[in-house]
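Engineer: From the sequence below, what's the structure:
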Amino acid sequence: MIELLVAFGLSSILLPALLTGFVGATRGREVYEQRIAAVALVREAEEAIRSFRNEAWSNVSGLATGTDYFPTIVSGKWSMQQQDEGENIYGFTRKIRVSDVYRNASQNIVTQDSPGATLDPSTRQFLITVSWPGYFRRFITSNLYITRYGNDAKPLTTEGTLTGMGHGDWCNPNLHITPYDISGNGIGIAISSVPGLSTGLSTGLSNKAYISTGENAASSSLYSVDITDPPYPATPSAATANSYNNGKDYGIFANDDYIFTAARNVPSAPKRLVDIFNIDSITPAGFFDSDPKMNATSVYVSGNTGYVTADTNLIAFGASPVIGSSSQSQLWLKALNGGVVGNKVVVSGGYAYIATTATSNSQQLQVIQLSDHTIYSPPPTGTGSINTNQPGVDIAVLGNYAYLVTNYSSSTTPDIFVVDISIPTAPKVVGTANTYYNSTSMAPLGVATTPNNANILIVVGDGGWQYQTFNVSDPTNPTRCGTPLQNPNGATKVQAVSTLREVDGDVYSYVLTTSGSTQQFQMVEGGSGGGAGGNGGVFESAPFDAGHSVVFNSFKETSKTPSTITTSYQIAVAPGPDCSAATYSYFGNYDASGGQIPLSVNPGQCFRYKVTFTGGEGAATATATVSINYSP
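Structural biologist: All right, here's what the predicted structure looks like:
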């Protein structure tokens, strides 16, 4: 009896513990088996993502970030289906969250808000979560980074006919002739130039400069200056060829056929806006009247159409053929925004670019689309805006960039603005500079690009250092190069500048200077530096079409002819689908070794480069081939 009681007592103590252990062991094995199943689901999702990527990177790049997906098979291939609640598989829930990836300058993965973080278009983050129910919510995760699969490389070759690059150095300007005095006491205001041996109506062998003196009526209103072109290193000379006096001339534009001047106060012609002169004799050939009377400030001719800024308007008129006995026809008139005056107009690629007297909201630059006369300007404030309260003075346009100069404000306020016009309907400032130099200020009056596309900008003005050059090979960082000119030959003001390439390849800037009451024509020799001259040129490659959106990783030069020529490169990446019609914004300043292509310009479908050849003495043509490395 006692033994039975003892047995019952022990059972009451041991059996609960044994049963609890048995239940716990059973439940632990269940959790273990659930984790094995969950891991298998995670591994399947990882392989599905890799397979999805290997099929085409566009599969991955096309997924929306911050969205949940789950893998599914479509037509025998892995795909991703969007589903916020995830996928339910025998009690397990599987979700895949897609996120962008950012890197710093060292290419390390960082958070989006980290300093210098740049979106990496070749990497995506996939957070895979598998969960299942129980006494507590159980889950496992896997953080998977997927990159583009494999690299490819393609060659791209460019060939061009070389021209002379000049024996001087744009960045270290030197006056090349004794200053030539313009007769009379008129105050010069504008200059335009045409190289000799032209193919139009002009038959002269000399280079031509045309000068308007619109500030008063103390002399002729228009002068032509002949400049000789002797073999290098002989020095050119200048002499007045002809002149004409008829009121006041302000803006001036010359081509191979005619001279067009923005005219005011023309005797017996109260509505005269533009006078047209024969290129050699400087005799009247035609004119353009307006109604009502307006004051013209600048004129430009493109093809058969002329454009004149008059008061607060831009007016288009028929420039060819020249009628002679009656006014050229008016085509249209467009009032500028804000009732401002246009100081200078330049036409390029179907748009008119106008420097205006506006002082706010980026209206100093107004871009008029010639087809429908719509006006566009940079953003009024913030990034891409013209951040000065000074009016626009002059403008030059070359390729995808417009170069606007404004009145001087202070040593810390820009007065030179590099404007990206690759999309003319959305111009934006990408770089700025200031003409304050060596503790002195200059009020800009004129701006010009160089005729050999040397990535040099010339800015002239009044006071301080009146002739300054800037390297704009990197449009986002225009930098003064060399030492500016101050008081060239005693002049206190450089009123205007025009650049010219001679038929033998020499390059010059022609400048109009003021010294007291004396107006002078002066020349500055340009070139790539070193005094060696030689042939060169700037050429664009054909577009490379990758077929779809890719990441361009790097490029390098693989060959060039002749082997002695020097090459430098700028590159551009653009979206598809039509690479021949894409807009290319060039950047960088690479040598023959090339370099990495920034993540910030990727991805894209189209690649193109611009090569500058220099130092090709005796060579008629040059060829460069680069290899483009990209991830499809």
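Engineer: Need the distance between the two termini of stretch 160-178.
Structural biologist: By CA to CA, to the nearest Å, the extent of stretch 160-178 from end to end equals 36 Å.
Engineer: Please renumber the chain so that the first residue is 18 from this point on.
Structural biologist: Sure, I'll start numbering at 18, so the last one becomes stretch 177-195.
Engineer: Relative to the whole chain's centre, how far out is it?
Structural biologist: Centroid separation for stretch 177-195 versus its chain: 25 Å, with CA atoms, centre = their mean, to the nearest Å.
Engineer: Next: stretch 450-460.
Structural biologist: Relative to the centre of its chain, stretch 450-460 is centred 25 Å away, using CA atoms, centre = their mean.
Engineer: Just the residues contacting that stretch, thanks.
Structural biologist: 424-425, 427-433, 435, 461, 476, 478-483, 485, 487, 495-497, 501 (CB atoms under 8 Å, 6 or more residues apart in numbering). Where you see a C-beta, it was placed from the backbone N, CA and C, and this is true even at glycine.
Engineer: CA-only coordinates of that stretch in CSV, if you can.
Structural biologist: Coordinates of each C-alpha in stretch 450-460 appear next as CSV, following Å, rounded to 0.1, in the frame of the first residue of the first chain:
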residue,chain,number,x,y,z
ALA,A,450,32.1,83.8,-63.3
ASN,A,451,33.1,87.3,-62.3
THR,A,452,35.2,89.9,-64.1
TYR,A,453,36.6,91.3,-60.8
TYR,A,454,40.4,90.8,-61.1
ASN,A,455,43.4,92.0,-59.1
SER,A,456,41.3,94.2,-56.8
THR,A,457,39.7,96.1,-59.8
SER,A,458,36.3,95.8,-61.4
MET,A,459,35.3,95.8,-65.1
ALA,A,460,31.9,96.6,-66.4
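Engineer: Give the buried residues for it.
Structural biologist: Using 16 or more other CB atoms under 10 Å as the test for burial, stretch 450-460 gives A450, N451, T452, Y453, Y454, S458, M459, A460.
Engineer: Pipe the residues you listed into JSON lines and attach pLDDT and secondary structure per row.
Structural biologist: Listed next are these as JSON lines, based on pLDDT from 0 to 100; DSSP: H, G, I helix; E, B strand; the rest coil:
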{"residue": "A450", "pLDDT": "97", "secondary structure": "strand"}
{"residue": "N451", "pLDDT": "97", "secondary structure": "coil"}
{"residue": "T452", "pLDDT": "97", "secondary structure": "coil"}
{"residue": "Y453", "pLDDT": "97", "secondary structure": "coil"}
{"residue": "Y454", "pLDDT": "96", "secondary structure": "strand"}
{"residue": "S458", "pLDDT": "95", "secondary structure": "coil"}
{"residue": "M459", "pLDDT": "96", "secondary structure": "coil"}
{"residue": "A460", "pLDDT": "96", "secondary structure": "strand"}
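Engineer: Does N472 touch S490 like I think?
Structural biologist: Yes. Using CB atoms under 8 Å, N472 makes contact with S490 at a distance of 3.9 Å.
Engineer: intersection of neighbour lists for these two?
Structural biologist: Each of N606 lies in contact with both N472 and S490 under the rule CB under 8 Å, 6+ apart.
Engineer: Tell me which of the two has more neighbours.
Structural biologist: Taking neighbours as other CB atoms under 10 Å, N472 and S490 compare with N472 leading, 24 against 19.
Engineer: State the distance from that one to M182.
Structural biologist: Here N472 is placed at a distance of 12 Å from M182 (CB to CB, to the nearest Å).
Engineer: shaky segments in the stretch 68-217 of the chain?
Structural biologist: Within the stretch 68-217 of the chain, the segments meeting pLDDT under 70 span 152-154, 166-167, 181, 201-203, 214-217.
Engineer: Mind jotting down where the helices sit in it?
Structural biologist: Counting by DSSP state H, counting those that start in this stretch, one finds helices in the stretch 68-217 of the chain at the ranges 74-78.
Engineer: what do you get for the chain?
Structural biologist: All helices of the chain, identified by DSSP state H, fall at 19-72, 74-78.
Engineer: Return the distance of the lengthiest strand in the chain from the chain's centre.
Structural biologist: Counting residues, the longest strand found in the chain (DSSP state E) is strand 561-578. Centre-to-centre, strand 561-578 and its host chain are 20 Å apart (CA atoms, centre = their mean).
Engineer: Torsion angles phi and psi at the residue nearest to T373 when sequence neighbours are not counted?
Structural biologist: Once flanking residues are discounted, T373 sits nearest to V357: 4.4 Å by CB to CB, 6 or more residues apart in numbering. Dihedral pair for V357: phi -90, psi 170, per degrees, to the nearest 10.
Engineer: Test my guess that V357 contacts S377.
Structural biologist: No. Shown here, V357 and S377 do not form a contact pair, counting by CB under 8 Å, at 10.2 Å.
Engineer: Quickly name whichever of the buried residues of stretch 450-460 is closest to G268.
Structural biologist: Taking CB to CB as the measure, G268 sits nearest to A460 out of these, at 18.8 Å.
Engineer: what's the spacing between the closest one and P431?
Structural biologist: Per CB to CB, A460 is found 14 Å from P431.
Engineer: go on, F294?
Structural biologist: Going from F294 to P431 by CB to CB gives 38 Å.
Engineer: And the residue nearest in space to the middle of the chain, how far from V555?
Structural biologist: Nearest residue to the geometric centre of the chain (CA atoms, centre = their mean): D437, 4.2 Å. Here the criterion is CB to CB. By it, D437 lies 18 Å from V555.
Engineer: show me the contacts for the nearest residue to Q485 once chain neighbours are set aside.
Structural biologist: Closest residue to Q485 apart from its sequence neighbours, by CB to CB, 6+ apart: P501 at 4.2 Å. P501 is in contact with P190, Y454, W482, Q483, Y484, Q485, T486, counting by CB under 8 Å, 6+ apart.
Engineer: switch the cut-off to 10 Å
Structural biologist: 188-190, 452, 454-455, 457, 459, 476-477, 481-487 (CB atoms under 10 Å, 6 or more residues apart in numbering).
Engineer: Among those, which are located in strands?
Structural biologist: Among those, the residues falling in strands (DSSP E) are V476, V477, Y484, Q485, T486, F487.
Engineer: Which of those sits closest to A508?
Structural biologist: For the ones in strands among the contacts of P501, the nearest to A508 is Y484 (9.4 Å; CB to CB).
Engineer: distance between the ends of stretch 609-628?
Structural biologist: Note: stretch 609-628 ends 10 Å apart using CA to CA.
Engineer: Centre of the chain to it, how far?
Structural biologist: For stretch 609-628, the distance to the chain centre is 14 Å (CA atoms, centre = their mean).
Engineer: hmm, back to that, okay, F294 and P431: which has more neighbours?
Structural biologist: Set F294 next to P431 and count neighbours by other CB under 10 Å: F294 wins out with 26 against 22.
Engineer: That one: what's it in contact with?
Structural biologist: 227, 239, 241, 259, 261, 263, 266, 269, 271, 275-278, 300-304, 339.
Engineer: Which residues are in contact with the residue lying closest to the residue nearest to the centre of the chain once chain neighbours are set aside?
Structural biologist: The shortest distance from D437 to any non-neighbouring residue, by CB to CB, 6+ apart, is to V447 (4.7 Å). Residues near V447 by CB under 10 Å, 6+ apart: 395, 400-401, 418, 434-437, 439, 491-495, 602, 604.
Engineer: Looking at those, state which has the most neighbours.
Structural biologist: Neighbour counts for the contacts of V447 peak at P395, which has 28 neighbours (criterion: other CB under 10 Å).
Engineer: so the residue nearest to T373 makes contact with T376?
Structural biologist: Yes. Here V357 reaches T376: they are 8.6 Å apart, a contact under CB atoms under 10 Å.
Engineer: Need the residues touching each of these two.
Structural biologist: Listed as contacting both V357 and T376 by CB under 10 Å, 6+ apart are P408, G409.
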